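A.B. asks: got a predicted model here, sequence first, then my questions.
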Amino acid sequence: MANAVDKKERMLMIHALIGAGLMLFFRYLPINLPEVTPVGMEVLGIFLGTLYLWTFVDPIWGSILSIGMLGFSSYSNMNAVLSEAFGSPVTIQVLFMQIMSGGLAMYKISAYIGRYFLTRKFTNGKPWLFMGVICVGCYFIAGFINAFTPIFVLWPVLYGIFDEVGYKKGDAFPRVALTMVVVASLIGFPMAPFAQNGLALLSNFEKISAEMPGGPIIVNSGAYLAIAIILGMIMIVAAVLFCKFVLRPDVSKMKQFDVESLNRNPLPPMNAQQKAYCIGFILVILGLMLPSLFPTLPGMAFLKPAVYGIAMIAVAIMAAIRIKGEPIMDIAKVLSTNMSWGAYFIIVAAVFLGSVLTNPATGVSAFLAYILSPIFQGMSPVVFIILILAMGGVLTNICNSLVIGMILQPIIITYCVQTGADPRPIVTLMIQFVLLSAAVTPAASPFAAILHSNKEWIPTKYVYKYTLPIVLIELIITLLVGIPLANILL
């Protein structure tokens with residue numbers, strides 16, 4: 001055991017040195033990349049080193065190191081780098097939305113949401129309907145809270161159900177059900193255009209598309225949300241049907257399960273603090289969405305420019321208002337116990353790196369245009385979307401999905417500038433697909449890594465057996481339904 005631990009520690013150190021080495025020495029390699037400037041070579045090295053550290057070492061310190069290295073590079077000085085990375089409206093909104101989502105978990109509100117989906121009586125004796133309802137619950141919890149919550153809330157409940165009805169580790173239905181929780185959570189992950197990685201990628205695209213004719217290009221949040229929900233519901237139905245008719249695990253034991261048994265240990269009624277928190281969270285979501293959905297309503301002209309600060313103001317108000325001597329939200333406790341710092345630092349670094357890479361001073365965008373122009377020449381928008389989504393689905397399962405979304409955006413801009421195609425449907429489908437399809441390998445997303453780590457219930461070979469065909473189904477649905485839907489709504 002000690003030797004295995006020592007070997008793991010040595011490998012981590014080797015990977016850390018390789019990542020740092022890429023950041024420091026890539027610029028000196030005898031590589032000639034057309035249009036890329038010396039500054040661009042420095043930035044590319046830092047970018048590649050960051051990718052390596054995210055994949056093989058640790059996302060938190062890898063992200064922090066990348067921002068620090070950019071502060072010492074020729075790109076800009078440290079003060080400007082820190083201000084741009086941590087002071088952008090996007091990262092501020094991500095921070096405070098994560099605080100609010102963390103509060104939902106800390107105050108057990110997410111447990112009430114999960115219990116609601118688990119105890120629908122119409123699913124009694126209908127295992128696949130029960131599975132479908134659970135997946136819908138995972139979808140909406142992942143979209144409006146975060147994708148960790150349904151996994152951590154519902155997996156333990158399912159373990160109890162499996163034990164009650166007589167399933168054991170290694171049985172087929174538990175493997176499928178636990179996998180579907182992660183798959184459905186991933187499908188919901190990019191749903192909300194005002195939070196998490198969806199916000200990061202949409203905001204990055206708005207920033208880098210400023211160089212386009214008529215730019216910047218802004219994707220309507222209401223249309224984005226509608227596309228995500230429609231595609232998400234279709235994907236969940238298709239994935240459940242795939243499990244039922246293709247994988248066909250034995251569900252006979254689940255037919256005896258009565259959802260009322262979950263109420264043997266009922267949750268206590270929500271207290272005033274929890275109810276107030278729910279009201280505050282709903283008001284924040286409405287404040288973020290209404291300016292896009294109903295821009296002509298009275299007050300929307302005032303609200304829209306302030307949208308990035310809504311969550312911040314809400315956190316402050318909820319911390320100030322006290323009920324029975326306790327604040328609605330204890331910020332310090334949320335930050336210390338329920339804040340996903342790894343996800344936050346990845347978003348900060350990825351958004352900043354995306355902005356830096358596409359800065360004209362680096363020449364990276366010009367390099368992409370130089371390389372890709374011959375490939376895109378004469379290509380129809382439909383063929384291009386098929387190509388970009390297929391490329392995204394492969395790459396996102398090799399590397400972090402957020403990073404792949406950042407990399408593909410300049411390619412989309414290059415194509416649209418050359419052909420005059422509308423980039424909004426293309427970038428919307430790309431963002432949603434690369435984030436929701438990151439299920440196959442541990443490197444794709446932290447949620448896929450959690451799935452792979454549960455080897456007692458889901459051996460690795462079954463993760464690949466289940467997720468690969470599901471991702472292919474998601475791609476087909478995105479192409480057949482998503483393309484016409486995005487063209488209509490956007």
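C.D. replies: Alright, I've got the coordinates.

A.B. asks: wasn't M270 part of a strand?
C.D. replies: No: assignment of M270 by DSSP: H, G, I helix; E, B strand; the rest coil gives coil, placing it outside any strand.

A.B. asks: buried residues, the longest helix that the chain contains. List them.
C.D. replies: For the chain, the helix that runs over the most residues, judged by DSSP state H, is helix 2-25. For helix 2-25, the neighbour count (16 or more other Cβ atoms under 10 Å) marks 15-16, 19-20, 22-23 as buried. (Each C-beta comes from the backbone N, C-alpha and C, glycine too.)

A.B. asks: can I see the domain layout of this protein?
C.D. replies: 1-86, 93-190+229-337 (automatic domain parsing).

A.B. asks: export these to JSON lines and tack on distance to V471 and mean pLDDT?
C.D. replies: JSON lines is the format used below for these (distance: least, Cβ to Cβ, whole Å; pLDDT from 0 to 100):
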{"stretch": "domain 1-86", "distance to V471": "19", "mean pLDDT": "86"}
{"stretch": "domain 93-190+229-337", "distance to V471": "9", "mean pLDDT": "86"}
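
A.B. asks: distance to A486 added to the ones you listed, as CSV?
C.D. replies: Putting these into CSV (distance: least, Cβ to Cβ, whole Å) gives the following:
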stretch, distance to A486
domain 1-86, 29
domain 93-190+229-337, 9
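
A.B. asks: which of the ones you listed sits closest to T362?
C.D. replies: Closest approach to T362 among these is made by domain 1-86 (3.5 Å; Cβ to Cβ).

A.B. asks: from the chain's centre, how far out does the closest one sit?
C.D. replies: 22 Å (Cα atoms, centre = their mean, to the nearest Å).

A.B. asks: do the same with stretch 482-490
C.D. replies: With Cα atoms, centre = their mean, you get 22 Å for stretch 482-490.

A.B. asks: format the buried residues of helix 2-25 as TSV; extra columns: distance to A369.
C.D. replies: Output for the buried residues of helix 2-25, formatted as TSV (distance: Cβ to Cβ, whole Å):
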residue	distance to A369
H15	33
A16	34
G19	29
A20	31
L22	25
M23	26
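
A.B. asks: rewinding a little: nearest to K455, out of the domains of the chain?
C.D. replies: domain 93-190+229-337 (9.8 Å).

A.B. asks: tell me how far that closest one lies from the chain's centre.
C.D. replies: Using Cα atoms, centre = their mean, the offset of domain 93-190+229-337 from its chain centre is 15 Å.

A.B. asks: touching, P442 and H452? I think so.
C.D. replies: Yes: counting by Cβ atoms under 8 Å, H452 is a contact partner of P442 at 4.5 Å.

A.B. asks: neighbour count for these two, which is higher?
C.D. replies: H452 (20 against 16; other Cβ atoms under 10 Å).

A.B. asks: F376 contacts Y415, correct?
C.D. replies: Yes: between F376 and Y415 there is a contact under Cβ under 8 Å: 4.8 Å.

A.B. asks: find residues that contact each of those two.
C.D. replies: Contact criterion Cβ atoms under 8 Å, 6 or more residues apart in numbering; residues shared by F376 and Y415: F384.

A.B. asks: so which of those two has more stuff around it?
C.D. replies: Shown here are F376 and Y415; by other Cβ under 10 Å, Y415 has more neighbours (25 against 19).
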